[in-house]
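**Student:** One predicted model, sequence on top.
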Amino acid sequence: MIPRAFDYFDPASIPEAVDLLGKYGDDAKLLAGGQSLLPLMKIRLASPKIVVDLWRIPDLAYIREENGAIVIGAMTTHYMLQTSNELQTKLPILAQAAGVVGDPLVRNLGTIGGSAAHAAPNADYPAVLVALDAVFNLTGPAATRKVSAADFFKDSFTTALDPAEILAEVRISIPPDDRAGVYLKLSRRGTDFAVVSAAVILRKDENGRCADARVVLGGVGTVPVRAKAAEDLLNGESLTPDLINRAAKAAAQGLEPPSDVHGDSQYRIDVSKVYVRRAVEAAWRHIS
Ligand SMILES: Cc1cc2nc3c(=O)[nH]c(=O)nc-3n(C[C@H](O)[C@H](O)[C@H](O)COP(=O)(O)OP(=O)(O)OC[C@H]3O[C@@H](n4cnc5c(N)ncnc54)[C@H](O)[C@@H]3O)c2cc1C
């Protein structure tokens with residue numbers, strides 16, 4: 001289908017884009033890679049009167065190291081993240097997640113800012129960004145504020161962004177060398193959204209025990225679900241197959257995933273156990 005008619009603006013700076021959002025309010029939508037917005041416009045589930053394109057704003061697509069953190073501009077594409085040497089060395093879990101988003105066309109156009117702002121419950125970045133304690137810089141008319149990933153994702157397709165704010169940058173502290181992270185995703189076809197995904201980050205302490213475990217699931221709720229019961233079981237222990245199995249079961253306890261054509265609720269619970277187990281095993285192997 002063809003979208004309803006809209007007026008198009010291509011501001012040259014973030015303040016200009018923020019002004020347009022302030023001026024047009026609910027009538028306006030930002031356009032990044034268009035990989036979520038344009039399909040919605042074509043089937044007329046979204047019909048903004050004003051489209052504010054972020055492509056002409058210079059310097060919004062970058063990956064750089066700053067004071068022990070990797071900072072990523074909102075317009076950085078999935079492909080840039082997937083292929084970045086810096087990320088593959090310092091934040092491989094994020095490069096992994098970027099590499100399994102959709103297909104090459106989607107990865108060439110879609111952006112980390114657009115994906116986070118869209119906040120699809122089965123998208124690949126949210127669980128990883130929560131596991132990594134990412135911080136989002138949101139720029140509005142008055143100021144820029146910082147929001148943690150855990151506070152940013154509020155509900156399905158709902159974030160902490162105010163209507164006149166732009167997600168400008170994602171900042172992630174570089175994990176020390178004694179940590180390893182793994183992202184695993186089950187999808188029906190290679191290019192699909194996740195049925196279930198698991199992001200796991202582990203540290204091995206000086207006694208060879210697991211510490212600071214992060215276990216976060218995607219696709220099983222409206223927002224990423226942190227599996228604290230599993231983390232508690234792993235922390236302070238030498239990881240054995242039995243313990244990892246128990247942690248995986250704990251991760252799935254209390255989940256109330258949705259049922260849809262890709263899998264019913266119980267299927268998602270069962271897959272969560274398997275994917276947490278596999279991700280913990282793989283992360284532990286990386287640091288052992
Ligand atoms: C065929 C197909 C398969 C896909 N498969 C996957 C998949 O497997 N995994 C996955 O995670 N995703 C998948 N996607 C979605 C893809 O990752 C999109 O790129 C992403 O959801 C949106 O990013 P975008 O840059 O295209 O944003 P857009 O579509 O341009 O925008 C999405 C929304 O975010 C808002 N927005 C955009 N940028 C900003 C910003 N900087 N600040 C504030 N608001 C902003 C827009 O107004 C809009 O509401 C798929 C998409 C397609 C078409």
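**Tutor:** Great, that's in hand.
**Student:** Near the ligand, which residues of the stretch 1-150 of the chain are found?
**Tutor:** 29-37, 39, 74, 101-102, 106, 110-111, 113-115, 117-118, 120, 123-124 (C-beta under 6 Å from any ligand atom). For glycine as for every other residue, the C-beta is placed from the backbone atoms N, C-alpha and C.
**Student:** Just the buried subset of those residues, please.
**Tutor:** Buried members of these, scored by 16 or more other C-beta atoms under 10 Å, are 29-37, 74, 101-102, 106, 110-111, 113-115, 117-118, 120, 123-124.
**Student:** Just the residues you listed: which are in helices?
**Tutor:** Leu37, Val106, Gly113, Gly114, Ser115, Ala117, His118 (DSSP state H).
**Student:** What is the most widely separated pair among those residues?
**Tutor:** Val106 and Ala117 (15.8 Å; C-beta to C-beta).
**Student:** what number of residues lie near Leu186?
**Tutor:** Residues lying near Leu186 (other C-beta atoms under 10 Å) number 19.
**Student:** Show the backbone phi and psi for it.
**Tutor:** phi -100, psi 130 (degrees, to the nearest 10).
**Student:** What of Ile72?
**Tutor:** On the backbone of Ile72 - angles per degrees, to the nearest 10 - the values are phi -130, psi 120.
**Student:** what about the residue lying closest to it once chain neighbours are set aside, is that helix, strand or coil?
**Tutor:** Nearest residue to Ile72, sequence neighbours excluded (C-beta to C-beta, 6 or more residues apart in numbering): Val170, at 4.6 Å. Here Val170 takes the strand state, with states given by DSSP: H, G, I helix; E, B strand; the rest coil.
**Student:** I figured Val170 hits Val135, correct?
**Tutor:** Yes: look at Val170 against Val135 with C-beta atoms under 8 Å: they come within range, at 7.5 Å.
**Student:** between the two, who's got more neighbours?
**Tutor:** Regarding Val170 and Val135, a neighbour count based on other C-beta under 10 Å identifies Val170 as having more, with 27 against 19.
**Student:** and that one, what does it touch?
**Tutor:** Val71, Ile72, Ala74, Ile112, Gly113, Ala116, Leu129, Ala134, Val135, Phe136, Asn137 (C-beta atoms under 8 Å, 6 or more residues apart in numbering).
**Student:** mind checking how far the fifth one is from Arg64?
**Tutor:** Distance, Gly113 to Arg64, using C-beta to C-beta, to the nearest Å: 15 Å.
**Student:** So for the most far-flung residue of the chain relative to its centre, what's the pLDDT?
**Tutor:** Relative to the C-alpha centroid of the chain, counting by C-alpha atoms, centre = their mean, Asn207 is the outermost residue, at 32.3 Å. Per-residue pLDDT puts Asn207 at 95.
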